[in-house]
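S.K.: Model the following, please.
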Amino acid sequence: MTELLVGTKKGLFVYEGEPGDGFEMTARAFAGEPVDFAMRDPRSGRLLATVTSPFYGPKIWHAEDAAGEWEQADGVALPEGGDQALEKIWVIATGERDGLLYAGGDPGVLFESHDGGLTWELNAGLWEQPSRPDWQPGGGGLCLHSICTWPRDPDKLAVAVSAAGMWLSEDGGRSWRRGNTGLNPAYLPEEALRDENAGRCVHHVERSPAQPERMFMQFHGGVFRSDDAGETWTDIAEGLPSNFGFPLTVDPADPDSAYVIPLVADVDRVTPEGRVRVYETRDGGSSWSPRGEGLPAEHAYVTVLRQAFTRTGQGPELELYFGSTTGEVFGSGDAGATWSTTAYRLPPVFSVTAG
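M.R.: Numbering: from 1, shown residues only. Next comes the predicted model:
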């Protein structure tokens with residue numbers, strides 16, 4: 001049985017089912033409020049959700065049962081007296097110690113929890129980066145949206161901030177350095193490319209669990225691969241219908257695999273040619289193949305956001321799911337070969353997680 005947590009503009013929707021057999025909505029929470037992200041910690045079973053209240057700002061909530069009582073977590077705040085406000089919590093990720101969780105938000109902040117999400121504290125190393133005053137936001141804000149832990153090594157960590165680029169740590173987040181070599185965006189003039197503070201607008205990053213040095217990135221103008229844990233990057237977008245998009249995921253069993261959902265361009269953020277297709281590589285980005293059987297094939301100009309593409313399982317049993325801003329969720333139970341509609345007529349989908 002697969003559980004889907006779907007964060008939308010008007011609440012959290014929970015579905016349970018099996019690919020091909022259909023899914024049933026089993027719970028709804030935070031009715032009417034924007035749920036930016038939700039996940040279940042596989043270690044404790046606890047549910048966590050990030051909600052941006054129009055009245056109280058962004059908060060993290062936790063619950064043991066999606067249909068039960070949700071409680072607000074403590075400590076999700078910026079230091080008092082500053083001139084920046086916490087705008088949104090984009091993502092939550094499990095760490096490599098029991099009870100350790102990370103949350104990333106705008107303005108380029110990382111929070112840590114050491115008790116399974118009940119309380120949080122600001123990561124001082126990233127917050128106090130000397131270059132922070134020069135960081136510039138992307139179109140969606142100064143968002144820390146990708147958190148890549150290293151399997152079984154809690155000291156190695158990578159995060160991505162739009163548009164401040166990649167940041168790497170080897171001491172559990174106490175200190176950070178850039179990982180932007182090779183990210184040379186066309187939107188920057190040549191002289192700006194020599195400035196390490198110039199904006200590198202990363203859209204999404206994932207690490208391969210099977211080979212942690214291997215990482216894949218969807219960039220603002222490119223799809224990239226790193227073979228040295230994020231130190232350097234190579235563009236692998238050739239063969240895709242466009243080099244723009246937000247969502248990306250990987251097959252945990254195969255370090256050569258990645259899946260992306262291209263969009264036309266930054267000024268036309270819809271699926272190319274009015275066709276919804278997922279593109280798959282099984283050779284590290286040397287080639288890409290469209291996977292669209294069962295997906296809308298005409299007059300379908302949809303947008304899929306960066307947190308709205310997810311997977312569970314691996315190898316031949318890999319399940320893939322994504323949601324659109326037009327309120328549909330699509331799923332595949334055979335690693336993307338065939339697709340079906342899992343949910344429809346929802347509010348705009350911000351995030352999808354599966355477990």
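S.K.: now the stretch 51-200 of the chain, which segments are flagged as low pLDDT?
M.R.: 190-198 (pLDDT under 70).
S.K.: now do 50
M.R.: For the stretch 51-200 of the chain, applying pLDDT under 50 flags no range at all.
S.K.: Show me the helices in it, by range?
M.R.: Secondary structure of the stretch 51-200 of the chain (DSSP state H, counting those that start in this stretch): helices at 124-127.
S.K.: Near residue 151, how many other residues are there?
M.R.: By other CB atoms under 10 Å, the residues close to residue 151 number 13. Yep, even glycine has a C-beta here, placed from its N, CA and C like the rest.
S.K.: Can I take it that residue 316 is in a strand?
M.R.: No - using DSSP: H, G, I helix; E, B strand; the rest coil, the assignment for residue 316 is helix, not a strand.
S.K.: The closest residue to it other than its chain neighbours and residue 73, how far apart?
M.R.: Once flanking residues are discounted, residue 316 sits nearest to residue 335: 6.5 Å by CB to CB, 6 or more residues apart in numbering. Distance, residue 335 to residue 73, using CB to CB, to the nearest Å: 35 Å.
S.K.: Find the residue at the geometric middle of the chain.
M.R.: residue 307 (4.0 Å; CA atoms, centre = their mean).
S.K.: And the residue nearest to residue 316, how close does it get to residue 291?
M.R.: 9 Å.
S.K.: Looking at the two, which has the bigger crowd around it?
M.R.: Between residue 335 and residue 291, counted using other CB under 10 Å, the more crowded position is residue 335 (23 against 20).
S.K.: ok, the more buried one - contacts?
M.R.: 251, 280, 315-318, 320 (CB atoms under 8 Å, 6 or more residues apart in numbering).
S.K.: One more: residue 287?
M.R.: With CB under 8 Å, 6+ apart, residue 287 has these contacts: 239, 281.
S.K.: how does it look with 10 Å?
M.R.: 236, 238-239, 279-281 (CB atoms under 10 Å, 6 or more residues apart in numbering).
S.K.: pLDDT wise, what is it at?
M.R.: pLDDT recorded at residue 287 is 98.
S.K.: which stretch of helix or strand covers it?
M.R.: Here residue 287 sits in a region with no helix or strand, counting by DSSP states H and E.
S.K.: isn't residue 34 right up against residue 89?
M.R.: No - in this structure, residue 34 is not within contact of residue 89 by CB atoms under 10 Å, at 11.0 Å.
S.K.: Now do the shared contacts for those two.
M.R.: Applying CB under 10 Å, 6+ apart, one finds that residue 34 and residue 89 are jointly contacted by 50-52, 58.
S.K.: Which one (most neighbours) among those?
M.R.: Going by other CB under 10 Å, residue 50 tops the shared contacts of residue 34 and residue 89 with 28 neighbours.
S.K.: Regarding that one, what is its secondary structure?
M.R.: Secondary structure, three-state DSSP: residue 50 is strand.
S.K.: I figured it was touching residue 37, is that so?
M.R.: Yes - between residue 50 and residue 37 there is a contact under CB under 10 Å: 4.7 Å.
S.K.: Common neighbours of these two, please.
M.R.: 7, 60, 88-92, 103-105, 307, 350-351.
S.K.: Let's have the residues you listed in CSV, adding distance to residue 14.
M.R.: Shown next, in CSV, are the shared contacts of residue 50 and residue 37 (distance: CB to CB, whole Å):
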residue, distance to residue 14
7, 10
60, 17
88, 22
89, 19
90, 20
91, 18
92, 16
103, 20
104, 23
105, 23
307, 16
350, 15
351, 13
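S.K.: Counting only strands, which of those residues make the cut?
M.R.: 7, 60, 88-92, 103-105, 350-351 (DSSP state E).
S.K.: where do the strands sit along the stretch 1-150 of the chain?
M.R.: Using DSSP state E, counting those that start in this stretch, the strands of the stretch 1-150 of the chain run over 2-8, 11-18, 22-29, 35-40, 47-53, 57-63, 71-72, 88-94, 101-106, 109-113, 121-122, 143-150.
S.K.: Using a markdown table, lay out those strands together with distance to residue 206.
M.R.: Output for the strands of the stretch 1-150 of the chain, formatted as a markdown table (distance: least, CB to CB, whole Å):
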| stretch | distance to residue 206 |
| --- | --- |
| strand 2-8 | 18 |
| strand 11-18 | 23 |
| strand 22-29 | 24 |
| strand 35-40 | 15 |
| strand 47-53 | 19 |
| strand 57-63 | 22 |
| strand 71-72 | 29 |
| strand 88-94 | 11 |
| strand 101-106 | 14 |
| strand 109-113 | 17 |
| strand 121-122 | 24 |
| strand 143-150 | 7 |
